[in-house]
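S.K.: structure for this input, please:
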Amino acid sequence: MTIITLNDKISEKTAVALGIFDGIHCGHRIIIENACNKGFVPSVFTFRTESVKFKHGKPFEYIYTNSQKLHFLDKAGINYVLSPDFDDIKDMTGEEFAEKILSGIMNTGSVICGDNFRFGKDASCGTDELKVFGKKYSFSVEVIKLKENDFSSEKFRAMLKNGELSRENPYILYGEVVHGKQIGRTIDFPTINQNYADRQLVLKYGVYFTLTKIDGICYPSITNVGVKPTIEGQRSPLAETHILDFSGDLYGKNIEVEFCKFIRPEMKFSSVDELKTQISRDIYEVRSLLKD
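M.R.: Next up, the predicted model:
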(Lines give C-alpha, C1' and ligand atoms only; values in the text may rest on other atoms or scores of the structure.)
Protein backbone atom coordinates (compact mmCIF):
# COMPACT_ATOMS: atom_id res chain seq x y z
CA MET A 1 0.00 0.00 0.00
CA THR A 2 1.27 3.47 -0.92
CA ILE A 3 0.72 6.47 1.35
CA ILE A 4 0.45 9.61 -0.77
CA THR A 5 0.61 13.29 0.23
CA LEU A 6 -1.03 16.52 -0.88
CA ASN A 7 1.97 17.04 -3.19
CA ASP A 8 1.46 13.78 -5.09
CA LYS A 9 -0.73 12.75 -8.01
CA ILE A 10 -1.86 9.20 -8.76
CA SER A 11 -1.40 8.24 -12.40
CA GLU A 12 -3.87 5.34 -12.31
CA LYS A 13 -7.64 5.80 -12.23
CA THR A 14 -8.91 5.11 -8.73
CA ALA A 15 -12.04 4.17 -6.83
CA VAL A 16 -11.97 6.18 -3.60
CA ALA A 17 -13.68 5.28 -0.32
CA LEU A 18 -14.34 8.40 1.76
CA GLY A 19 -14.48 8.46 5.56
CA ILE A 20 -12.60 8.74 8.83
CA PHE A 21 -12.74 4.93 9.20
CA ASP A 22 -11.39 5.03 12.75
CA GLY A 23 -12.96 1.70 13.72
CA ILE A 24 -13.02 -0.29 10.44
CA HIS A 25 -16.35 -1.80 11.58
CA CYS A 26 -18.86 -3.56 9.30
CA GLY A 27 -20.36 -0.29 8.02
CA HIS A 28 -16.89 0.96 7.08
CA ARG A 29 -16.04 -2.36 5.48
CA ILE A 30 -19.05 -2.18 3.14
CA ILE A 31 -17.75 1.14 1.78
CA ILE A 32 -14.16 -0.12 1.53
CA GLU A 33 -15.20 -3.39 -0.16
CA ASN A 34 -17.21 -1.44 -2.74
CA ALA A 35 -14.08 0.57 -3.58
CA CYS A 36 -12.26 -2.72 -4.15
CA ASN A 37 -14.87 -3.91 -6.66
CA LYS A 38 -15.22 -0.95 -9.01
CA GLY A 39 -12.65 -1.94 -11.61
CA PHE A 40 -10.41 0.98 -10.65
CA VAL A 41 -7.44 0.95 -8.26
CA PRO A 42 -8.93 0.77 -4.71
CA SER A 43 -8.01 3.81 -2.66
CA VAL A 44 -9.05 5.70 0.46
CA PHE A 45 -9.26 9.35 1.40
CA THR A 46 -9.33 9.80 5.14
CA PHE A 47 -7.89 12.12 7.78
CA ARG A 48 -4.93 11.36 10.00
CA THR A 49 -6.91 10.05 12.93
CA GLU A 50 -5.09 11.99 15.63
CA SER A 51 -5.65 15.29 13.78
CA VAL A 52 -9.44 15.08 14.21
CA LYS A 53 -10.13 16.75 17.54
CA PHE A 54 -13.93 16.97 17.36
CA LYS A 55 -16.72 15.05 15.63
CA HIS A 56 -20.38 16.09 15.69
CA GLY A 57 -19.41 18.86 18.09
CA LYS A 58 -17.94 16.49 20.70
CA PRO A 59 -14.32 15.60 21.54
CA PHE A 60 -13.29 12.78 19.21
CA GLU A 61 -12.30 9.58 21.01
CA TYR A 62 -10.92 7.41 18.23
CA ILE A 63 -10.95 3.61 18.22
CA TYR A 64 -7.77 3.05 16.21
CA THR A 65 -4.71 5.25 15.79
CA ASN A 66 -3.75 6.29 12.28
CA SER A 67 -0.99 3.67 12.05
CA GLN A 68 -3.43 0.98 13.17
CA LYS A 69 -6.02 2.17 10.65
CA LEU A 70 -3.46 2.10 7.82
CA HIS A 71 -2.50 -1.44 8.80
CA PHE A 72 -6.11 -2.62 8.49
CA LEU A 73 -6.68 -0.73 5.22
CA ASP A 74 -3.61 -2.44 3.79
CA LYS A 75 -5.00 -5.83 4.83
CA ALA A 76 -8.33 -4.91 3.19
CA GLY A 77 -6.64 -4.59 -0.21
CA ILE A 78 -6.37 -0.81 -0.52
CA ASN A 79 -3.60 0.38 -2.88
CA TYR A 80 -3.42 4.11 -2.13
CA VAL A 81 -4.26 6.16 0.95
CA LEU A 82 -4.29 9.93 1.31
CA SER A 83 -4.61 10.88 5.00
CA PRO A 84 -3.69 14.54 5.56
CA ASP A 85 -4.17 16.44 8.80
CA PHE A 86 -7.68 17.82 9.15
CA ASP A 87 -6.33 21.36 9.47
CA ASP A 88 -4.60 21.08 6.08
CA ILE A 89 -7.88 21.01 4.16
CA LYS A 90 -10.58 22.17 6.60
CA ASP A 91 -10.90 25.54 4.84
CA MET A 92 -11.41 24.05 1.35
CA THR A 93 -14.84 24.53 -0.18
CA GLY A 94 -16.67 21.42 -1.27
CA GLU A 95 -15.86 22.09 -4.90
CA GLU A 96 -12.17 22.66 -4.14
CA PHE A 97 -12.11 19.30 -2.38
CA ALA A 98 -13.73 17.60 -5.40
CA GLU A 99 -11.47 19.32 -7.92
CA LYS A 100 -8.10 19.40 -6.13
CA ILE A 101 -8.25 16.28 -3.95
CA LEU A 102 -10.56 13.80 -5.68
CA SER A 103 -10.06 14.70 -9.34
CA GLY A 104 -6.57 16.21 -9.10
CA ILE A 105 -4.50 14.25 -6.59
CA MET A 106 -6.45 10.99 -6.49
CA ASN A 107 -7.41 10.82 -10.20
CA THR A 108 -10.81 9.54 -9.16
CA GLY A 109 -13.05 7.55 -11.47
CA SER A 110 -15.50 6.50 -8.75
CA VAL A 111 -16.26 7.70 -5.23
CA ILE A 112 -17.95 5.61 -2.54
CA CYS A 113 -19.22 7.03 0.77
CA GLY A 114 -21.90 6.63 3.40
CA ASP A 115 -25.13 8.61 3.19
CA ASN A 116 -24.07 10.80 6.13
CA PHE A 117 -20.77 11.87 4.55
CA ARG A 118 -20.06 15.60 4.85
CA PHE A 119 -17.23 17.62 3.34
CA GLY A 120 -16.12 21.16 2.54
CA LYS A 121 -15.56 24.04 4.97
CA ASP A 122 -17.77 23.73 8.05
CA ALA A 123 -19.14 20.45 6.60
CA SER A 124 -21.26 22.52 4.24
CA CYS A 125 -21.67 19.83 1.55
CA GLY A 126 -23.25 16.38 1.50
CA THR A 127 -23.83 13.59 -0.97
CA ASP A 128 -26.15 15.66 -3.23
CA GLU A 129 -23.40 18.22 -3.79
CA LEU A 130 -20.86 15.42 -4.25
CA LYS A 131 -22.93 14.01 -7.12
CA VAL A 132 -23.07 17.44 -8.76
CA PHE A 133 -19.29 17.81 -8.51
CA GLY A 134 -18.87 14.25 -9.78
CA LYS A 135 -20.65 15.13 -13.01
CA LYS A 136 -18.51 18.24 -13.39
CA TYR A 137 -15.19 16.50 -12.73
CA SER A 138 -16.00 13.16 -14.39
CA PHE A 139 -16.31 10.71 -11.51
CA SER A 140 -19.27 8.59 -10.46
CA VAL A 141 -20.63 8.68 -6.92
CA GLU A 142 -22.07 5.69 -5.06
CA VAL A 143 -23.78 6.45 -1.77
CA ILE A 144 -24.10 3.53 0.65
CA LYS A 145 -27.34 4.06 2.53
CA LEU A 146 -27.22 2.51 5.97
CA LYS A 147 -30.46 1.91 7.81
CA GLU A 148 -31.09 3.83 11.01
CA ASN A 149 -30.49 0.76 13.17
CA ASP A 150 -27.42 -0.44 11.26
CA PHE A 151 -24.02 -0.48 12.88
CA SER A 152 -22.18 2.79 13.52
CA SER A 153 -18.97 4.02 15.11
CA GLU A 154 -20.97 5.31 18.10
CA LYS A 155 -22.47 1.86 18.66
CA PHE A 156 -19.02 0.30 18.34
CA ARG A 157 -17.60 2.69 20.93
CA ALA A 158 -20.45 1.95 23.34
CA MET A 159 -19.93 -1.80 22.93
CA LEU A 160 -16.19 -1.59 23.58
CA LYS A 161 -16.67 0.57 26.67
CA ASN A 162 -19.01 -2.12 28.00
CA GLY A 163 -16.63 -4.96 27.16
CA GLU A 164 -19.01 -6.29 24.48
CA LEU A 165 -17.33 -8.05 21.56
CA SER A 166 -18.62 -9.64 18.36
CA ARG A 167 -17.18 -11.64 15.49
CA GLU A 168 -18.97 -9.37 13.01
CA ASN A 169 -17.07 -6.37 14.36
CA PRO A 170 -13.81 -7.65 15.79
CA TYR A 171 -11.66 -5.43 17.96
CA ILE A 172 -7.99 -6.02 17.19
CA LEU A 173 -5.25 -4.15 19.01
CA TYR A 174 -2.30 -3.77 16.66
CA GLY A 175 0.86 -2.19 17.93
CA GLU A 176 4.45 -2.43 19.01
CA VAL A 177 5.40 -4.60 21.96
CA VAL A 178 7.03 -2.27 24.48
CA HIS A 179 9.10 -2.88 27.58
CA GLY A 180 7.33 -2.95 30.92
CA LYS A 181 8.53 -3.67 34.44
CA GLN A 182 8.69 -7.42 33.62
CA ILE A 183 6.75 -8.27 36.77
CA GLY A 184 4.91 -11.03 34.89
CA ARG A 185 8.14 -12.96 34.45
CA THR A 186 8.73 -12.96 38.20
CA ILE A 187 5.39 -14.72 38.78
CA ASP A 188 5.80 -17.19 35.87
CA PHE A 189 3.38 -15.36 33.56
CA PRO A 190 5.47 -13.32 31.09
CA THR A 191 3.46 -10.76 29.15
CA ILE A 192 3.73 -8.44 26.17
CA ASN A 193 2.72 -4.82 26.71
CA GLN A 194 0.97 -2.58 24.15
CA ASN A 195 0.19 1.04 24.96
CA TYR A 196 -2.88 3.10 24.15
CA ALA A 197 -2.41 6.55 22.61
CA ASP A 198 -3.72 9.85 23.96
CA ARG A 199 -7.47 10.25 23.26
CA GLN A 200 -7.72 6.66 22.05
CA LEU A 201 -10.73 4.72 23.31
CA VAL A 202 -9.74 2.14 25.91
CA LEU A 203 -11.75 -1.04 26.28
CA LYS A 204 -13.61 -1.68 29.52
CA TYR A 205 -10.95 -2.43 32.11
CA GLY A 206 -10.71 -6.13 32.70
CA VAL A 207 -9.40 -9.50 31.61
CA TYR A 208 -10.20 -10.90 28.16
CA PHE A 209 -9.82 -14.12 26.24
CA THR A 210 -7.78 -13.07 23.20
CA LEU A 211 -5.99 -14.48 20.19
CA THR A 212 -2.48 -13.24 19.44
CA LYS A 213 -1.14 -13.52 15.90
CA ILE A 214 2.61 -14.07 15.57
CA ASP A 215 4.17 -14.72 12.14
CA GLY A 216 0.80 -15.82 10.77
CA ILE A 217 0.02 -18.20 13.64
CA CYS A 218 -2.78 -17.50 16.16
CA TYR A 219 -2.02 -18.35 19.78
CA PRO A 220 -4.64 -18.36 22.55
CA SER A 221 -3.89 -15.66 25.06
CA ILE A 222 -5.26 -13.74 28.01
CA THR A 223 -5.13 -9.95 28.12
CA ASN A 224 -5.59 -7.49 30.95
CA VAL A 225 -6.65 -3.99 29.93
CA GLY A 226 -6.22 -1.37 32.60
CA VAL A 227 -3.71 0.12 35.00
CA LYS A 228 -2.59 -2.91 37.05
CA PRO A 229 -3.94 -1.66 40.42
CA THR A 230 -2.20 -4.40 42.41
CA ILE A 231 1.19 -2.96 41.45
CA GLU A 232 2.13 0.29 43.20
CA GLY A 233 2.39 3.55 41.26
CA GLN A 234 0.27 5.47 38.77
CA ARG A 235 0.33 4.51 35.10
CA SER A 236 -1.51 5.00 31.86
CA PRO A 237 -3.86 2.24 30.66
CA LEU A 238 -2.30 -0.50 28.57
CA ALA A 239 -3.00 -3.98 27.26
CA GLU A 240 -0.89 -6.68 28.91
CA THR A 241 -1.09 -10.08 27.20
CA HIS A 242 0.09 -13.49 28.37
CA ILE A 243 0.39 -15.80 25.34
CA LEU A 244 -0.33 -19.45 26.06
CA ASP A 245 2.01 -22.09 24.68
CA PHE A 246 4.51 -19.56 23.31
CA SER A 247 7.95 -18.41 24.30
CA GLY A 248 10.14 -15.91 22.50
CA ASP A 249 11.28 -12.31 22.36
CA LEU A 250 8.67 -10.03 20.75
CA TYR A 251 10.01 -6.64 21.89
CA GLY A 252 9.85 -4.05 19.13
CA LYS A 253 7.57 -6.14 16.91
CA ASN A 254 4.10 -5.05 15.84
CA ILE A 255 1.62 -7.69 16.98
CA GLU A 256 -2.12 -8.21 16.47
CA VAL A 257 -4.19 -9.14 19.55
CA GLU A 258 -7.84 -9.91 18.79
CA PHE A 259 -10.27 -9.62 21.71
CA CYS A 260 -12.80 -12.48 21.81
CA LYS A 261 -14.57 -12.52 25.19
CA PHE A 262 -14.69 -10.46 28.40
CA ILE A 263 -13.87 -12.69 31.38
CA ARG A 264 -13.89 -10.44 34.45
CA PRO A 265 -13.32 -6.83 35.57
CA GLU A 266 -9.85 -5.65 36.53
CA MET A 267 -9.29 -6.20 40.26
CA LYS A 268 -6.89 -5.07 42.94
CA PHE A 269 -5.46 -7.98 44.92
CA SER A 270 -4.05 -7.93 48.43
CA SER A 271 -0.83 -9.63 47.35
CA VAL A 272 1.09 -10.73 44.30
CA ASP A 273 0.45 -14.35 45.31
CA GLU A 274 -3.29 -13.72 45.21
CA LEU A 275 -2.86 -12.14 41.76
CA LYS A 276 -0.89 -15.18 40.60
CA THR A 277 -3.66 -17.52 41.78
CA GLN A 278 -6.30 -15.52 39.92
CA ILE A 279 -4.26 -15.52 36.71
CA SER A 280 -4.08 -19.31 36.90
CA ARG A 281 -7.89 -19.41 37.21
CA ASP A 282 -8.24 -17.04 34.26
CA ILE A 283 -5.99 -19.23 32.10
CA TYR A 284 -8.03 -22.28 33.08
CA GLU A 285 -11.18 -20.49 31.91
CA VAL A 286 -9.52 -19.55 28.61
CA ARG A 287 -8.54 -23.18 28.00
CA SER A 288 -12.12 -24.22 28.80
CA LEU A 289 -13.41 -21.69 26.25
CA LEU A 290 -11.02 -23.13 23.67
CA LYS A 291 -12.47 -26.61 24.24
CA ASP A 292 -15.98 -25.22 23.66
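S.K.: for stretch 131-143, buried residues please.
M.R.: Using 16 or more other CB atoms under 10 Å as the test for burial, stretch 131-143 gives K131, F133, G134, F139, V141, E142, V143. (Glycine included, C-beta is placed from N, CA and C.)
S.K.: out of the residues you listed, who's nearest Y196?
M.R.: Distance to Y196 across those (CB to CB) is lowest for V143, with 33.9 Å.
S.K.: these two touch, right, the closest one and T127?
M.R.: Yes - A contact is recorded between V143 and T127 when judged using CB atoms under 8 Å, the distance being 4.7 Å.
S.K.: just the helices in the stretch 1-150 of the chain please.
M.R.: Listed in chain order, the helices of the stretch 1-150 of the chain (DSSP state H, counting those that start in this stretch) span residues 26-35, 66-75, 86-89, 94-96, 127-137.
S.K.: identify whichever of these lies nearest to N195.
M.R.: Here helix 66-75 is closest among these (CB to CB), at 11.9 Å.
S.K.: the closest one vs helix 26-35, what angle?
M.R.: Using axes from the mean of the first three to the mean of the last three CA atoms, to 10 degrees, the inter-axis angle of helix 66-75 relative to helix 26-35 is 50 degrees.
S.K.: thinking again about what came up before, next, show the common contact partners of V143 and T127.
M.R.: In the contact map built from CB atoms under 8 Å, 6 or more residues apart in numbering, the residues linked to both V143 and T127 are C113, D115, F117.
S.K.: from G114, how far off is the closest residue to the second one other than its chain neighbours?
M.R.: With CB to CB, 6 or more residues apart in numbering as the criterion, D115 has its nearest non-adjacent residue at 4.6 Å, and that residue is K145. K145 sits at a distance of 8 Å from G114 (criterion: CB to CB, to the nearest Å).
S.K.: give me the more crowded residue out of those two.
M.R.: When K145 and G114 are compared on other CB atoms under 10 Å, the one with more neighbours turns out to be G114, at 19 against 9.
S.K.: what sits against the spatially closest residue to that one that is not a sequence neighbour?
M.R.: For G114, the nearest residue in space outside its immediate sequence neighbours is I144; the separation is 5.3 Å by CB to CB, 6+ apart. The neighbours of I144, taking CB under 8 Å, 6+ apart as the test, are I30, I31, N34, I112, C113, G114, D115.
S.K.: go with 6 Å
M.R.: With contact taken as CB atoms under 6 Å, 6 or more residues apart in numbering, I144 is in contact with I30, I31, G114.
S.K.: again with L146
M.R.: L146 sits next to G27 when contact means CB under 6 Å, 6+ apart.
S.K.: what helix or strand is Y251 located in?
M.R.: With elements taken from DSSP states H and E, nothing contains Y251; it lies in neither a helix nor a strand.
S.K.: isn't it right next to V177, touching?
M.R.: Yes - in this structure, Y251 sits in contact with V177. The criterion is CB atoms under 6 Å, and the distance is 5.4 Å.
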